[in-house]
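Undergrad: Sequence and computational prediction follow.
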Amino acid sequence: MFTIKTLIQLITILLAITGIYLAVHITNILRSRIDLKTLGAKAFLNDSFFRDIWILLSFGCLLFLLNAIIQMKDILGSTLDESNIYLMQNLIVLGLMTCSVVSQYKWYQLVKLKKN
C-alpha cells in the first residue's frame, strides 16, 4: 500500500541520490575547470547566492532544533503517539535533505561554466 510515509521515504531517497550526483559533479568541476580565487570572488559577489545559502543553513538548523525537541518528548510529557512522531521525524529528514540538495544546486549553478 502506498502511504504518505512511503512517499516521504521515496522522495528522501531521490533527493539523496540527486545530492550525491551534484556533490560528485561539483567536485569534478572544481578539480579540473575552475580557479578557486575566481570561485571565491563569485561566491562573495553574488548577493542572491550568499543570501540563499544562509537561508537554507538557517532553515536546516531550525529543523535540527525541531528534531531535538521531538526527541525530548518523554521529558516534556508529550501526548503525541509514536506514529505521529515517526511521521514528523521523516518530514524533518525530508526537509533537511531538501535544504542540502538545494544548497548543492546553488553551488552547481555557481561553478558551472557558461557555454558561449
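TA: That came through, no problem.
Undergrad: Any regions of this protein where pLDDT drops low?
TA: Within the chain, the ranges that satisfy pLDDT under 70 run 1, 34, 36, 42-44, 74, 78, 113-116.
Undergrad: Give the helix, strand or coil label for the spatially most central residue of the chain.
TA: In the chain, the centroid-proximal residue (C-alpha atoms, centre = their mean) is S100; its distance is 1.7 Å. What DSSP: H, G, I helix; E, B strand; the rest coil gives for S100 is helix.
Undergrad: Could you give the number of residues near the closest residue in space to it that isn't next to it in sequence?
TA: Distances taken as C-beta to C-beta, 6 or more residues apart in numbering place G19 nearest to S100, at 5.6 Å, with adjacent residues excluded. No exception for glycine: its C-beta is placed from N, CA and C like everyone else's. Neighbour count for G19, taken as other C-beta atoms under 10 Å: 18.
Undergrad: In contact with G19: list those residues for me.
TA: M97, S100, V101, Q104 (C-beta atoms under 8 Å, 6 or more residues apart in numbering).
Undergrad: Surely the first one touches T12?
TA: Translated: M97. Yes: at 5.4 Å, M97 counts as touching T12 under the criterion of C-beta atoms under 8 Å.
Undergrad: tally of neighbours for T98?
TA: T98 has 18 neighbours, counted by other C-beta under 10 Å.
Undergrad: That one: what's its closest spatial neighbour, skipping adjacent residues?
TA: Nearest one to T98, counting by C-beta to C-beta, 6+ apart, is L15 at 6.2 Å.
Undergrad: That neighbour: neighbouring residues, count only.
TA: Other residues lying near L15 total 19 when counted by other C-beta under 10 Å.
Undergrad: Surely it is in contact with L94?
TA: Yes: here L15 reaches L94: they are 7.4 Å apart, a contact under C-beta under 8 Å.
Undergrad: quick one: the residue nearest to S100 and I26, what's the gap?
TA: According to C-beta to C-beta, to the nearest Å, G19 stands 11 Å off from I26.
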